[in-house]
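Participant: 3D model of this:
(one chain, ligands or ions: 3)
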Amino acid sequence: MTTSSTPARTAQVARGEREDSATTTSLWIGTYPEAGPGSGVGTGEGVWRVDVDRAGGFAGLRLVSEVPSPSFLALHPSGRTLFAVTETGDGRVSALGLDAEGDDLEPHPDAVLPSGGADPCHVHAEPDALWVANYSSGTVSRFPVDDGGAFDGAAVVGQHTGSGPVADRQEGPHAHFVGRVGDELWAVDLGADRLVRYAPDGTRVGEVAVPAGSGPRHFVTMPGAVLVVCELDPAVLVVSLGDGEAAEPAVVARHDVVAIPAAQVPDGVPVQPSHVALGSGGARMYVAVRGVDVLSAFEVVTSEGAPEVAPVLRHLADSPIGGAWPRHFAVLDLPDEDGDLVVVANQGSSTLVSLRVGASGRPTSSRRRTSRHPPASCRCPPPGDTGRMPTLHVAMLSVHTSPLDQPGTGDAGGMNVYVVGLAEALARRGAEVEIFTRATSSDQPRSHRLSPGVTVRHVAAGPYEGLDKNDLPGQLCAFAAGVLRTEAGREVGWYDVVHAHYWLSGEVGWLVADRWDVPLVQSMHTMARVKNAALAPGDAPEPLGRIIGEEQVVAEADALVASTGAEAEDLVDHYGAVPEAVHVVAPGVDLATFSPSPAGTDRAALRADLIGGQGLSGPGAGRDREPDRDPVPGSAESSSDRPLVLFAGRVQPLKGPDVLVRALAVMRSAGEPVPRLVVLGGSSGRSSSVRELEALAHQEGVADVVSVRPPATREELAQWFRAADVVAVPSHNESFGLVAAEAQACGTPVLAAAVGGLRTVVEDGVTGVLVEDHDPVTWAAEIGALLRDDVRRTALGAGAVAARDRFGWDVAADRMLEVYAAAGVSRRARRRARG
Ligand SMILES: CC(=O)N[C@H]1[C@@H](OP(=O)(O)OP(=O)(O)OC[C@H]2O[C@@H](n3ccc(=O)[nH]c3=O)[C@H](O)[C@@H]2O)O[C@H](CO)[C@@H](O)[C@@H]1O
Ligand SMILES: O=P([O-])([O-])O[C@@H]1[C@@H](O)[C@H](O)[C@@H](O)[C@H](O)[C@@H]1O
Ligand SMILES: [Mg+2]
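Facilitator: Ligands and ions are numbered 1, 2, ... in the order given. Below is the predicted model:
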């Protein structure tokens, strides 16, 4: 299991709406009524807003919504909704709509709901659901929300049970906090001394017990571990997530929060930790401690590149906060490497205090702002807050092929689809993604806003036309210069991470990540040595220059992203990657586009629509084709009756379309009914693979049932998948195989070669069939068997639909944010090791 240490990011800050957005961070402040939690509402409390500059100065404290007793806030990843709990006996939760500045908070219609329990004290927003911890009732509620964060459906409430030894605080369960841990949501129960683990849909999947009397309160996640701060026993517990699928999380270490010996704490002064968070990109941990009113800082030491090894915490300092009863704080990352700005909400003194904390863990400066602000409504302490963390800026490099190109021909393939899908999902999580790609036409704008949060930058590097992928090693300097110049026009420290795609981009990423001192994350997509080890008969191997370049990039990257375990092994076995640097993140499928047909839709009718009108030659553009000879000699089938086997992708020997053509010939010579084979895609690179495939179809006597059509748009392709009886992926290797995943998401069974990532994407006998070799005789037998067996095809189609959620971009983006965080940790560790 992996964990997230990436703070919530929003979509709005630093989008340029405000000149000072790069130097000022706006925080929302939650408050209690004047007389403390549980007292009458309406004494002026509400959600406040304040701007914090890099020196920690406060400006513009203002009331933005009069929600009663809003002790905790959470921002929906869309950046369009702020949630607030109302911490009262009849708890409530409100969804507040935001304007672009985040200042105008209007409740959505019907947007104040019972929170599912008493005294809700914490709220956590996921893209599809809001989670609320109700303290007094010991319940956790999950509210479905829509894309913009509006409530959307009935809540599910889970009742915790249990108690603990601390009589006045643990007489029963007290849910205190909910947060994400890998694929799960964990609810901390202070009364029952346990962390209750939920699946994202609200199903309980387990729990982690902590020592009796700990009173766990909040936690923060980091790669491989969860750091839990306890209120009743002032400690941080390290919960290790373990390694591998079967790993069970367990407490592996306990650290005292404050170094002050108990004897030195004056009588009657409590030592009650309230909140924990990470700073300095995961290298430091802070805990606020109420009563003694200090901020404790720890160094977080992780094993280099080994996230499964639990981190070691080294106490750095306990520093007076200069405010009373610090209930919560936000950590704002400062661009200078060792600085964090910690903004603390002090419930007891009604103050906000900002502390600039340096490498020693001690504040180097502090600022204070009382929250008493005219009018009367400001007479309220500010206990909770949700920081609008600085936006994560991702420099995504795709040197060869623009993500705007049509995939499935030339050099444009899965990487284009991947880059767009990932970038858009990251942007939905609040990141700003800039995709740098080489300009290939004078018509391309230098910068193009693809969708909210995603910009494509066309970098001039060499002539627009006439260069293909193989010419690009000569343009990498020019490309890197273009990227560096873009950054030079920005605020210092603008980009937080470089994510490079394919080895060519990795070469550029290596340079720019070094220059900016940010982590380099590398996705290979394909690797020369892997391709060369599985060459199709007669195919040309990838050149040595690429192999050497790939080796360099693998060695330099702070994190390597593999789409499957098989690709991870390839990185280690073929390129000597350090296993700990390799992270498996399955790519996604655009599940909205690639969806099954409505129940009852007839594949034959869809097929007739797609093939019918234009005949097989279709708009295939100037390629000579045989007319669709129909019916096939010796067969009674009519044109639209003929089952459809579909292949989609760049036509090249590696993808094995010839295997399908030959398989059809085997079927025909055996006198079996022959399906129609449609190939959607153009020749790969500058090759003439389409012509060669068409020539092969003639030579094999199946040209009448084989047609190659130009690549289809995403929507058309989805329609082709729905129309096909089987989608065939006979590749000699695939790092993943997006086509197979997309086809399955449409409910169409996939017949795939049992190689590389296809072994992961296709569940043999569940979503499709894996074929062990590339022998046309085997493929003829498998195709024939599947097409004859309607029941099996229907079952596999249903299996494919049931499995479609396995690959979504939202999940992939969550994982990728974890990888970005891990890459930062690993980069710092490597820098330290170098001295
Ligand atoms: C040999 C190899 O290792 N290839 C990898 C390469 O992509 P590669 O381009 O080889 O193959 P993929 O099947 O993954 O991607 C092709 C993409 O083109 C699209 N398409 C195709 C035909 C068409 O008419 N219209 C259209 O839009 C497909 O929907 C698909 O999304 O990087 C991908 C992403 O990391 C991996 O999944 C592949 O395994
Ligand atoms: O064919 P190859 O060069 O090895 O690798 C391919 C790239 O050239 C193509 O542009 C990209 O879209 C694919 O995802 C794949 O990575
Ligand atoms: Mg910093």
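Participant: And the helices in the stretch 401-550 of the chain, which stretches?
Facilitator: 414-428, 476-488, 502-516, 528-533, 544-556 (DSSP state H, counting those that start in this stretch).
Participant: Does the fourth one reach ligand 1?
Facilitator: No - counting by CB under 6 Å from any ligand atom, no contacts exist between helix 528-533 and ligand 1, the nearest distance being 7.0 Å. (Each C-beta comes from the backbone N, C-alpha and C, glycine too.)
Participant: tell me which strands and helices that helix is in contact with?
Facilitator: On a contact count with 3 or more CB pairs under 8 Å, 6 or more residues apart in numbering; DSSP states H and E, helix 528-533 meets helix 544-556, helix 565-575.
Participant: Quick check: which of those is buried the most?
Facilitator: Comparing those by mean neighbour count (mean count of other CB atoms under 10 Å), helix 565-575 ranks first with a mean of 19.
Participant: Could you figure out how far that one is turned away from helix 544-556?
Facilitator: Interaxial angle, helix 565-575 versus helix 544-556 (axes from the mean of the first three to the mean of the last three CA atoms, to 10 degrees): 110 degrees.
Participant: ok, residues contacting helix 565-575?
Facilitator: Residues outside helix 565-575 that contact it (CB atoms under 8 Å, 6 or more residues apart in numbering) are 524, 527, 529-530, 533, 550-551, 554, 560, 562, 577-579, 582, 584, 735-736, 756-757, 759-760.
Participant: In strands, which of the residues you listed appear?
Facilitator: 560, 562, 582, 584 (DSSP state E).
Participant: Make TSV out of those and add distance to ligand 3.
Facilitator: What follows is those, written out as TSV (distance: CB to the ion, whole Å):
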residue	distance to ligand 3
Leu560	24
Ala562	29
Val582	26
Val584	28
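Participant: Which stretch among the helices and strands packed on helix 528-533 approaches ligand 3 most closely?
Facilitator: Closest of these to ligand 3 is helix 544-556, at 22.2 Å (criterion: CB to the ion).
Participant: Sketch out the low-pLDDT regions of the stretch 551-700 of the chain for me.
Facilitator: Within the stretch 551-700 of the chain, the stretches with pLDDT under 70 are 612-640.
Participant: The residue in it that ligand 2 sits nearest to: neighbouring residues, count only.
Facilitator: Closest to ligand 2 within the stretch 551-700 of the chain is Ser684: 6.5 Å, counting by CB to the nearest ligand atom. The burial count assigned to Ser684 is 22, neighbours taken as other CB atoms under 10 Å.
Participant: In this structure it contacts Gln652, no?
Facilitator: Yes - between Ser684 and Gln652 there is a contact under CB atoms under 8 Å: 3.6 Å.
Participant: Neighbours of the residue nearest to Glu304 when sequence neighbours are not counted, how many?
Facilitator: Leaving aside its chain neighbours, Glu304 sits nearest to Ala829 (4.3 Å; criterion: CB to CB, 6 or more residues apart in numbering). When counting by other CB under 10 Å, one arrives at 18 neighbours for Ala829.
Participant: swap in Val166?
Facilitator: Val166: 18 surrounding residues under other CB under 10 Å.
Participant: what's the helix or strand for it?
Facilitator: Val166 belongs to no helix or strand when assigned by DSSP states H and E.
Participant: Kindly report the same for Val239.
Facilitator: Using DSSP H and E, Val239 sits in strand 235-240.
Participant: Could you point out the helix or strand that follows that strand?
Facilitator: Toward the C-terminal end, the helix or strand that comes next after strand 235-240 (DSSP H and E) is strand 250-256.
Participant: which other helices and strands contact that next one?
Facilitator: Secondary elements touching strand 250-256 (3+ CB pairs under 8 Å, 6+ apart): strand 204-209, strand 235-240, strand 312-320.
Participant: avg pLDDT for the host helix or strand of Ile29?
Facilitator: With elements taken from DSSP H and E, the one containing Ile29 is strand 24-30. The average pLDDT for strand 24-30 rounds to 78.
Participant: Can you list the buried residues in it?
Facilitator: Buried residues in strand 24-30, counted by 16 or more other CB atoms under 10 Å: 24-30.
Participant: again, but for stretch 314-328
Facilitator: 315-316, 318-319, 321-323, 325-328.
Participant: I'd like those residues as JSON lines, with distance to His122 and pLDDT appended.
Facilitator: As requested, the buried residues of stretch 314-328 are arranged in JSON lines below (distance: CB to CB, whole Å; pLDDT from 0 to 100):
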{"residue": "His315", "distance to His122": "26", "pLDDT": "92"}
{"residue": "Leu316", "distance to His122": "27", "pLDDT": "92"}
{"residue": "Asp318", "distance to His122": "25", "pLDDT": "89"}
{"residue": "Ser319", "distance to His122": "26", "pLDDT": "88"}
{"residue": "Ile321", "distance to His122": "21", "pLDDT": "85"}
{"residue": "Gly322", "distance to His122": "25", "pLDDT": "80"}
{"residue": "Gly323", "distance to His122": "21", "pLDDT": "79"}
{"residue": "Trp325", "distance to His122": "17", "pLDDT": "85"}
{"residue": "Pro326", "distance to His122": "16", "pLDDT": "87"}
{"residue": "Arg327", "distance to His122": "11", "pLDDT": "89"}
{"residue": "His328", "distance to His122": "10", "pLDDT": "89"}
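Participant: With that, I have no additional questions.
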